[in-house]
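Student: No sequence on hand, only this structure:
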């Protein structure tokens, strides 16, 4: 007896391979146990080598298999620290959230093939992507450089900003937002900030705590709820 | 100095809402205000591209070979394609992987239910798609596990998958489920995805991926937001 295994396997099924269902793979939460899978040591440090961003306290050391910081050298620009808390609708700090950042280098260029502006220099020591878990107090923290300005729609210029993703238990999909600087050049003309109702803009604007240190709380729900974007 | 910005499409009808009360953790963590639609700028259409190895380190495609011995459980191969919505392959993109062991236990210190840990299994990996968008990794089939969402709540067996894709706009974290798992239809997290789209998350057993005398094979294709050549549709109301 012979069996045509290929034909048997080709039976239509209501699953990932069903052509009638083809489309975006739906988002699911990262859940509470992502710390040994995602935030590497140095993920929160875009400037030097450190353990920033990781939570090795949440697993036995032999199970921390993620990479160490990939920083190759000191990037150009003003070194800054950005940090903040993440809070739920009751104002409780969330110690099981992860923040990712993406931003341009000090000259205002993204380290991405999609940013082909050769007149703006790349920085060989700067990628611009970071990842950090919140700590036991619900605080996230990155060390990076202050980004330059990048073009916006039409002939506009965007104010310096950092794109943020918020992921965590209870978040069925990534929440996207931005961080601007309270003293940022061009905040008043920024084409994205201009779309935000004036009374909510403060939720995107980090305040200076000390020289080079900026703070922005992320409020998932309720009073002072952070503005999240539909991209 | 205007430049053409080709936007990525917005989420489609298969996207879960932020608030899905059956999944209790969403009740206090989901934004109450609708997300603000913004035009794509250079910020949203760029991403760290092929710098993943500088960031995350080299690929780790065999989750069964990270410790002294072989882990307990059913060895499996998971393979498939990463595509965009136009069914074009997404090459050289990183997939990060994490999962529970065969008994349904994570090595995470906050997971303390009485199932055994496996000293030979961490449950973390990463794989990069090839020039045709293909990926493949080896692991063990994870077990189901209980959680505190409601009385007698059990998560179906699943593998967590995380993709940056080519741009900030294409970021995706998802979970892959296994066919014929009776827990899927009563799982609040899987069912946050409206039917029929929930079934996009269910892998297919595949005898072609199965390796004789070695491992069962499952096929799971991942579809990221694409860049339509046509003007993107007005997005639907968000929950």
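Tutor: Good, I have the coordinates. Everything quoted here is computed from the prediction, not taken from an experiment. Numbering: from 1, shown residues only, chains lettered A, B, ... in the order given.
Student: List phi and psi for residue B:52.
Tutor: With angles defined as degrees, to the nearest 10, residue B:52 sits at phi -60, psi -30.
Student: Give me the neighbour count for it.
Tutor: 23 (other C-beta atoms under 10 Å in any protein chain shown). In short, each C-beta sits where N, CA and C put it, glycine included.
Student: biggest strand in chain B, by residue count?
Tutor: Using DSSP state E, we find that the single longest strand of chain B is strand B:75-84.
Student: For the helix or strand bottoming out on mean pLDDT in chain B, which helices and strands make contact with it?
Tutor: Lowest mean confidence among the helices and strands of chain B (mean pLDDT, DSSP states H and E): helix B:52-56, at a mean of 81. With contacts defined as 3 or more C-beta pairs under 8 Å, 6 or more residues apart in numbering or on different chains; DSSP states H and E, the packing partners of helix B:52-56 are strand B:94-99.
Student: And for the strand it packs on, what's in contact with it?
Tutor: A:33-34, A:36-38, B:52, B:56, B:63, B:82, B:123-129, B:135, B:137, B:139, B:142, B:158-164, B:222 (C-beta atoms under 8 Å, 6 or more residues apart in numbering or on different chains).
Student: Please apply the same query to stretch A:63-73.
Tutor: Residues contacting stretch A:63-73 (C-beta under 8 Å, 6+ apart): A:36-43, A:45-50, A:54, A:56, A:124-125, A:127, B:53-58, B:60, B:66, B:107, B:122, B:124.
Student: just to revisit the earlier point, the contacts of strand B:94-99 in strands, which ones?
Tutor: B:82, B:124-128, B:135, B:137, B:139, B:158-163, B:222.
Student: looking at those residues, which has the most residues close by?
Tutor: residue B:82 (28 neighbours).
Student: Hmm, residue B:163 and that residue touching each other?
Tutor: Yes. Assessed by C-beta atoms under 8 Å, residue B:82 is found in contact with residue B:163 at 6.8 Å.
Student: what's the overlap in contacts for these two?
Tutor: By C-beta under 8 Å, 6+ apart, the residues touching both residue B:82 and residue B:163 are B:93, B:95, B:222, B:224.
Student: about what we covered before: what subset of the contacts of stretch A:63-73 is buried?
Tutor: A:36-43, A:45-47, A:54, A:127, B:54-57, B:60, B:66, B:107, B:122, B:124 (16 or more other C-beta atoms under 10 Å in any protein chain shown).
Student: Show me these that map onto helices.
Tutor: B:54-56 (DSSP state H).
Student: Reformat these as JSON lines; add distance to residue B:197.
Tutor: Listed next are those as JSON lines, based on distance: C-beta to C-beta, whole Å:
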{"residue": "B:54", "distance to residue B:197": "35"}
{"residue": "B:55", "distance to residue B:197": "31"}
{"residue": "B:56", "distance to residue B:197": "29"}
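Student: hmm, back to that, which strands and helices sit next to the longest strand of chain B?
Tutor: By 3+ C-beta pairs under 8 Å, 6+ apart, strand B:75-84 packs against strand B:134-140, strand B:216-219, strand B:222-224.
Student: Of these, give the one that comes closest to residue A:204.
Tutor: The closest of the helices and strands packed on strand B:75-84 to residue A:204 is strand B:222-224. By C-beta to C-beta, the value is 26.1 Å.
Student: So which elements touch that closest one?
Tutor: Secondary elements touching strand B:222-224 (3+ C-beta pairs under 8 Å, 6+ apart): strand B:75-84, strand B:158-163, strand B:172-177.
Student: Identify the residues contacting the first one?
Tutor: Contacts of strand B:75-84 from elsewhere in the structure, counted by C-beta under 8 Å, 6+ apart, are A:16, B:64, B:89-90, B:93, B:95, B:129, B:132-141, B:159, B:163, B:165, B:176, B:203, B:206, B:209-211, B:214-227.
Student: Can you report how many residues neighbour residue A:224?
Tutor: Residues near residue A:224, counting by other C-beta under 10 Å: 12.
Student: let me redo that: residue B:6
Tutor: Neighbours of residue B:6 (other C-beta under 10 Å): 11.
Student: do the same with residue A:118
Tutor: Neighbour number of residue A:118 under other C-beta under 10 Å is 8.
Student: mind listing what it touches?
Tutor: Residue A:118 touches nothing, counting by C-beta under 8 Å, 6+ apart.
Student: before we move on, which element is it in?
Tutor: Using DSSP states H and E, residue A:118 sits within no helix or strand.
Student: what comes up buried for stretch A:102-122?
Tutor: Neighbour-count burial for stretch A:102-122 [16+ other C-beta under 10 Å]: A:102-112, A:115, A:117, A:120.
Student: Kindly indicate which of those lies nearest residue A:212.
Tutor: residue A:106 (13.6 Å).
Student: Isn't the closest one up against residue A:148?
Tutor: Yes. Counting by C-beta under 8 Å, residue A:106 does reach residue A:148; the two are 5.4 Å apart.
Student: hey, what's in contact with both of those two?
Tutor: What both residue A:106 and residue A:148 touch, as defined by C-beta under 8 Å, 6+ apart, is the set residue A:77.
Student: Poorly predicted segments of the chain, please.
Tutor: The chain I'm using is chain A. A:1-11 (pLDDT under 70).
Student: That was the other one, I meant chain B.
Tutor: Ranges of chain B meeting pLDDT under 70: B:1-3, B:229-239.
Student: I figured residue A:209 hits residue A:215, correct?
Tutor: Yes. Counting by C-beta under 8 Å, residue A:209 touches residue A:215, with 5.0 Å between them.
Student: and these two? which has more neighbours close in?
Tutor: residue A:215 (17 against 11).
Student: Could you single out the nearest of the shared contacts of residue B:82 and residue B:163 to chain A?
Tutor: residue B:222 (4.9 Å; C-beta to the nearest C-beta).
Student: Who is the closest one paired with across the strands?
Tutor: Beta-bridge partners of residue B:222, counted by DSSP bridges, are residue B:82.
Student: For it, give me its contacts.
Tutor: A:25, B:80-83, B:95, B:161, B:163, B:172, B:174.
Student: closest to residue B:118 among these?
Tutor: Nearest member of these to residue B:118, counting by C-beta to C-beta, is residue B:161, at 20.9 Å.
Student: if I look at the closest one, how far off is residue B:100?
Tutor: According to C-beta to C-beta, to the nearest Å, residue B:161 stands 14 Å off from residue B:100.
Student: now do the same end-to-end measure for stretch B:27-39.
Tutor: Terminal residues of stretch B:27-39 are spaced 29 Å apart (C-alpha to C-alpha, to the nearest Å).
Student: Could you pull out the buried residues of that stretch?
Tutor: Here stretch B:27-39 shows B:28-31, B:35-36, B:38 as buried, counting by 16+ other C-beta under 10 Å.
Student: Quick check: phi and psi at the residue nearest the centre of chain A.
Tutor: Nearest residue to the geometric centre of chain A (C-alpha atoms, centre = their mean): residue A:100, 2.2 Å. Main-chain torsions, residue A:100, degrees, to the nearest 10: phi -120, psi 150.
Student: Now do the SS call for the nearest residue to it once chain neighbours are set aside.
Tutor: Residue nearest to residue A:100 in three dimensions, not counting chain neighbours: residue A:165, with 4.2 Å by C-beta to C-beta, 6 or more residues apart in numbering or on different chains. Of the three states, residue A:165 takes strand under DSSP: H, G, I helix; E, B strand; the rest coil.
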